[in-house]
Structures are given as C-alpha cells and as structure tokens.
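Visitor: Quick one: sequence and predicted model below, then my questions.
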Amino acid sequence: MIETNGYAIHEAGTDFKSFNFERRDVGPHDILIEILYAGICHSDIHQARAEWEPIIPSVFPMVPGHEIVGRVSRVGANVTKFKDGDLAGIGCFVDSCRDCPACEGGIEQYCIKGSAQTYNSTEMDRVTPTYGGYSKNYVVDEKYALKVQEGQDLKGVAPLLCAGITTYSPLRRWKVGPGQKVAVAGLGGLGHMGVKIAAAMGAEVTVLSTSPTKEKDARALGATSFLNVRDEEAVKAARGRFDLLLDTISAVHDYGAYLNMVTLNGVMVVVGMPTESVPFHAASLIGGNKVLAGSLIGGIPETQEMLDFCAEHNITSDVEVIDPSRIAEAYDRTVKADVRYRFVIDMKNA
Ligand SMILES: [Zn+2]
Ligand SMILES: [Zn+2]
C-alpha cells in the first residue's frame with residue numbers, strides 16, 4: 001500500500017483535518033497521479049454536510065474532490081495511455097463494472113451496477129473506501145483517467161472534470177451549434193462553463209439570472225444577452241425564445257417558468273440538483289411539444305472529447321486558488337455564491 005495524506009471531514013459539518021490514509025499499490029493497469037489542483041464542487045459541500053442523505057449517504061472520514069489534475073509519477077507494467085511525467089485528470093468516478101450496456105457504451109456514469117465514485121464511495125469490491133482529490137495523490141486505472149494537454153492553465157483545467165463535462169455533455173447531446181439560441185440559467189460554477197462552451201460551439205447565449213450584477217460577467221464569458229428573471233416583463237417577452245435551456249440552478253425553482261421560455265419542440269436540460277422536489281405544471285411541457293431532460297456528467301470518451309475541445313478553444317474555468325487551510329472558508333463562500341466561479345485547492349505543497 002502507498003502511505004499518503006489528505007484533508008478529511010470526520011463528521012458531517014465539522015472542520016477539515018489533515019488525514020493519513022493508504023492508497024492501493026500501483027497495479028499493472030494503474031497510474032499514480034501526484035495531484036496539483038483539486039476543484040471544489042458544490043456536490044463536495046452537499047456530501048461533506050450530509051445534505052443529500054438518504055439518497056446519497058455520506059460516509060466518514062471523507063476526503064472530497066472529483067475535479068483533479070496532476071502529473072503521473074508511476075505507471076503499471078501494462079499501462080499504454082500514460083507515461084511518467086504526463087499530465088492526467090480524474091473526474092467523478094474511478095471505476096465501473098465494465099460490462100453492462102452503459103459501460104460498453106462509454107457512458108460509465110450510468111453503470112447499471114453503480115460506478116465507483118472518486119470519493120464517498122467504494123471501489124467495485126464495495127468494501128475499499130475511495131478518497132478524493134483533496135489529497136497528495138491518487139491511484140487509478142488508466143482507463144478511468146483522462147489525458148490533459150500541456151500548455152494550459154492547469155488550475156482552470158481542474159473544474160472541467162466535473163463542471164466542464166456536466167455542461168458539455170447535454171450541449172452535445174442536443175446538438176447545440178451555430179444559429180441556435182441557448183439560455184444558461186444560473187451563473188455559478190456550472191453556468192459559467194455552460195456559457196463558455198455553448199458560445200464556443202457557435203450558439204447565441206443568453207444568461208438567465210436573479211442577480212443583475214452578473215450581466216457584465218455574463219457578457220465577458222461569451223453571452224450576448226442577459227435576462228434578469230425577476231423582471232416579469234422581460235420574462236414574458238422571452239416566451240418561446242430558446243432552442244435549448246441549460247438549467248444549472250441548484251435551489252428550488254419553478255421549472256414551468258423556465259420551460260415557458262423554451263421554443264416549440266425545444267429542450268430544457270436540468271443539471272442542477274435541488275435538495276428538494278421541484279414543482280411544475282405539465283401544461284408548460286405539453287403546450288409546445290417540449291422536452292424536459294436531465295444529464296449527469298459524461299462518460300470517459302466524452303470527457304476526453306470535452307478536455308480536447310476546451311484545449312482547442314482555450315477554455316478553462318475562472319478560478320480562485322486557495323491553500324488547503326482555507327477549505328472551510330471556501331465552502332461557506334461557495335454556498336453564498338461568493339466566488340467567480342470556482343475555488344481550486346493548490347495541492348502541490350499539501
Ligand atoms: Zn462535481
Ligand atoms: Zn457497468
């Protein structure tokens with residue numbers, strides 16, 4: 001076993017403490033990644049605070065982190081995709097059953113037997129706990145690691161592994177491209193990536209937000225319009241306007257009000273997950289032959305495609321880098337939406 005350390009929560013809602021633990025030895029198909037940056041995803045906070053129970057139980061001690069970028073420092077005998085010194089990334093899961101239809105189709109996040117999450121989960125043996133990226137290193141099968149190109153701003157690449165793929169996958173699935181009108185609801189960690197990626201795909205992007213102060217940022221990120229959803233007249237005027245609406249809002253809100261802004265045959269894709277059920281009236285769906293869809297991150301092939309797309313289009317996340325001693329503060333500020341737009345922990349000297 002490999003002795004290592006990270007930052008763990010030992011009980012829901014308490015502070016992070018330095019935590020010594022073991023990673024498995026590097027097997028024939030494994031790589032060891034020395035972690036450079038780990039993004040702070042809102043789902044880290046939900047799980048660290050046990051807010052998704054009972055749907056997703058929180059298991060402690062918990063080392064969160066599933067937006068990981070680092071450098072390979074050891075490779076197993078049969079590894080072909082990586083060599084020592086290469087950059088590598090890890091997203092939300094690190095293994096899956098490998099033979100169900102989802103795994104065979106490269107959408108391992110929907111593994112019928114349940115994939116092994118990067119943290120707050122177990123390996124596929126259902127026994128060995130997984131610990132995430134707020135740590136020194138990670139041992140992962142190369143099949144579940146992503147290639148990261150050199151020459152990028154790596155701290156801004158880390159959040160692509162969750163926030164990037166979460167928004168890229170539905171935009172691809174619903175074939176967003178030039179001439180289309182895309183609305184991104186909510187301008188946080190997910191939303192700001194959605195704006196950048198949809199704009200790079202050639203769509204005309206509008207940000208829907210309750211904070212008029214975000215208009216300047218929205219435009220700087222690539223949006224051509226901004227709609228304050230508290231402005232009832234503006235919302236009414238936007239009826240039927242958008243081909244696709246990407247809903248990144250994680251607070252409870254009325255889906256119907258947003259569906260009304262979607263065009264005939266249009267699509268609203270939900271990627272934000274409120275902690276409670278959301279009310280909406282079927283009329284807003286039936287009226288315009290509309291689709292209300294969901295999407296969960298992306299599989300390994302598409303995550304690689306997204307990283308390559310972002311490298312090609314020079315897209316990274318806007319981040320604020322912190323030292324591990326400031327994780328608790330970063331959590332509080334993330335909950336208050338007081339970050340533009342993602343905290344990333346510098347794990348180099350951790
Ligand atoms: Zn995430
Ligand atoms: Zn599977």
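Guide: Received the coordinates, thanks. Ligands and ions are numbered 1, 2, ... in the order given.

Visitor: Roughly how far does the nearest residue to His66 once chain neighbours are set aside sit from Met268?
Guide: Nearest residue to His66, sequence neighbours excluded (CB to CB, 6 or more residues apart in numbering): Thr118, at 4.1 Å. For the C-beta atoms, the positions are set from N, CA and C on the backbone; glycine is no exception. Noted for Thr118: a distance of 28 Å to Met268, by CB to CB, to the nearest Å.

Visitor: got it, and Ala218?
Guide: The spacing between Ala218 and Met268, counted by CB to CB, is 19 Å.

Visitor: related to what we said a few turns ago, is it correct that the residue nearest to His66 is in contact with Val63?
Guide: No. Taking contacts as CB atoms under 8 Å, Thr118 lies outside contact range of Val63: 9.6 Å.

Visitor: Determine the residues that are contacts of both of those two.
Guide: 132-133 (CB atoms under 8 Å, 6 or more residues apart in numbering).

Visitor: Okay, helices next: where are they in the stretch 201-350 of the chain?
Guide: Secondary structure of the stretch 201-350 of the chain by DSSP state H, counting those that start in this stretch: the helices cover 215-221, 232-237, 255-259, 283-286, 300-312, 327-335.

Visitor: For ligand 2, find the nearest of the ones you listed.
Guide: helix 300-312 (11.9 Å; CB to the ion).

Visitor: how about the closest one, does it reach ligand 1?
Guide: No. Helix 300-312 stays clear of ligand 1 (CB under 5 Å from the ion), getting no nearer than 12.3 Å.

Visitor: list the buried ones in that helix?
Guide: Using 16 or more other CB atoms under 10 Å as the test for burial, helix 300-312 gives 300, 302-307, 309-311.

Visitor: Any chance you could list what contacts that helix?
Guide: Residues from elsewhere that reach helix 300-312 (CB under 8 Å, 6+ apart): 89, 91, 106-108, 143-144, 146-149, 152, 157, 160-161, 164-165, 168-169, 172, 197, 200, 297-298, 315-316.

Visitor: Quick check on these: which are buried?
Guide: Buried among those by 16+ other CB under 10 Å: 89, 91, 107-108, 144, 146, 148, 152, 157, 160-161, 164-165, 168-169, 172, 197, 200, 297-298, 315-316.

Visitor: Looking at those, which are in helices?
Guide: Among these, the ones falling in helices (DSSP state H) are 157, 164-165, 168-169, 172, 197, 200.

Visitor: Might you enumerate the residues of the stretch 151-300 of the chain proximal to ligand 1?
Guide: Cys162.

Visitor: Quick check, the residue in the stretch 151-300 of the chain closest to ligand 1?
Guide: The stretch 151-300 of the chain approaches ligand 1 most closely through Cys162 (3.2 Å), counting by CB to the ion.
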